[in-house]
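K.L.:
Got a predicted model here, sequence first, then my questions.
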Amino acid sequence: MLLVIDVGNTNTSLGVYEGERLVAHWRLTTARDRTVDEYGVYARNLFSLVGIDFKEIDAVAVASVVPPLNFTLRRMSEVYFHRTPLFIDHTTKTGMPILYEPASDVGADRIVDAVAALAKYGAPCVVVDFGTATTCNAISARGEYLGGVITPGIQISSDALFARAARLPRVEIRRPEKVIGSSTVGSIQSGLYYGYVGLVDGILRRIVEELGGAAHVVATGGLAPLIAHGSELITNVDDTLTLEGMRIIYERNRQ
């Protein structure tokens with residue numbers, strides 16, 4: 001079995017694959033101060049909840065955008081699973097040319113998202129990943145990673161508004177029934193939701209135009225279902241796209 005670990009700035013996702021089948025997956029809060037033992041115990045406890053024997057893990061792959069955790073996860077893999085993990089980055093064999101400059105600046109999450117989207121949905125395509133930052137990643141008709149857009153995530157926008165405006169309350173991010181808010185809470189929710197949908201669709205429209213006028217648009221990340229519901233351009237929501245990309249890249253590097 002293959003354990004894949006996607007380390008983001010806010011959340012860490014884990015998945016266990018048996019061949020091409022995703023047996024189980026979980027989403028945790030990313031904690032930079034957790035020790036090797038804490039991560040190992042967390043992983044073993046999660047496995048036990050779904051009846052997976054940790055001794056069946058024979059490979060580990062990691063995609064991390066939090067460098068301080070890389071050593072911790074490497075040691076966790078070595079100590080608890082007796083495996084040296086594959087850390088995915090721009091130097092890993094992915095099967096996808098990276099045209100970004102410099103290639104070393106491309107986050108591992110953006111690479112694995114692009115590889116999975118190309119394999120599952122074809123080219124050209126665009127991946128929108130709703131994480132701490134929202135990224136839009138463009139793959140050409142020839143299967144090349146071109147680059148994309150990085151913008152503050154909707155939660156960052158909400159937190160900044162609450163922090164900088166003394167009289168405005170913190171609100172739940174949700175889709176209001178109407179754009180015109182009849183209360184302060186409703187007005188903020190409308191601004192956050194419809195404003196962000198407009199931002200995403202505006203960016204996607206321009207990217208698709210630059211790709212030649214047609215492309216698959218895939219969304220992933222925690223808030224992907226919420227934003228996709230109001231989007232005119234997102235055609236697919238894939239909650240496990242990043243994990244699938246890691247599996248594909250691991251298989252390509254095992255051969």
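P.N.:
On my side now, so go ahead. Fair warning: this is a prediction, and the values are worked out from it, not measured in the lab.

K.L.:
Which residues does the helix or strand of the chain with the lowest mean pLDDT contact?
P.N.:
Lowest on mean pLDDT, DSSP states H and E among the helices and strands of the chain sits helix 154-164, with a mean of 89. Contacts to helix 154-164, defined as Cβ atoms under 8 Å, 6 or more residues apart in numbering, come from residues 10, 130, 132-134, 152, 168-171, 173, 188, 192, 196, 223, 227. C-beta: built from backbone N, CA, C; applies to glycine.

K.L.:
Buried ones only from those residues, please, as a PyMOL command.
P.N.:
PyMOL command restricting the contacts of helix 154-164 to the buried ones, with burial defined by 16 or more other Cβ atoms under 10 Å:
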select buried, resi 10+130+132+133+134+171+173+188+192+196+223+227
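
K.L.:
Can you tell me which of the contacts of helix 154-164 lies closest to residue 20?
P.N.:
For the contacts of helix 154-164, the minimum distance to residue 20 (Cβ to Cβ) is 25.3 Å, reached by residue 130.

K.L.:
who does that closest one bridge with?
P.N.:
Note on residue 130: beta-bridge partners by DSSP bridges are residue 134, residue 221.

K.L.:
Would you state the strands of the stretch 101-250 of the chain in chain order?
P.N.:
For the stretch 101-250 of the chain, the strands defined by DSSP state E, counting those that start in this stretch occupy 125-130, 133-139, 145-152, 216-221, 236-237.

K.L.:
Let me know the angle separating the first one from strand 133-139.
P.N.:
The one in question is strand 125-130. 170 degrees (axes from the mean of the first three to the mean of the last three Cα atoms, to 10 degrees).

K.L.:
what do you get for the fourth one?
P.N.:
Interaxial angle, strand 216-221 versus strand 133-139 (the same axes, to 10 degrees): 150 degrees.

K.L.:
where are the low-confidence patches of the stretch 1-150 of the chain?
P.N.:
Judged against pLDDT under 70, the stretch 1-150 of the chain has no low-scoring part.

K.L.:
all helices for it, in order.
P.N.:
With DSSP state H, counting those that start in this stretch, the ranges of helices along the stretch 1-150 of the chain come out as 36-49, 70-76, 108-121.

K.L.:
what sits against the closest residue to residue 119 other than its chain neighbours?
P.N.:
Among residues not flanking residue 119 along the chain, residue 248 sits closest, at 5.7 Å (Cβ to Cβ, 6 or more residues apart in numbering). By Cβ under 8 Å, 6+ apart, residue 248 lies in contact with 112, 115, 116, 119.
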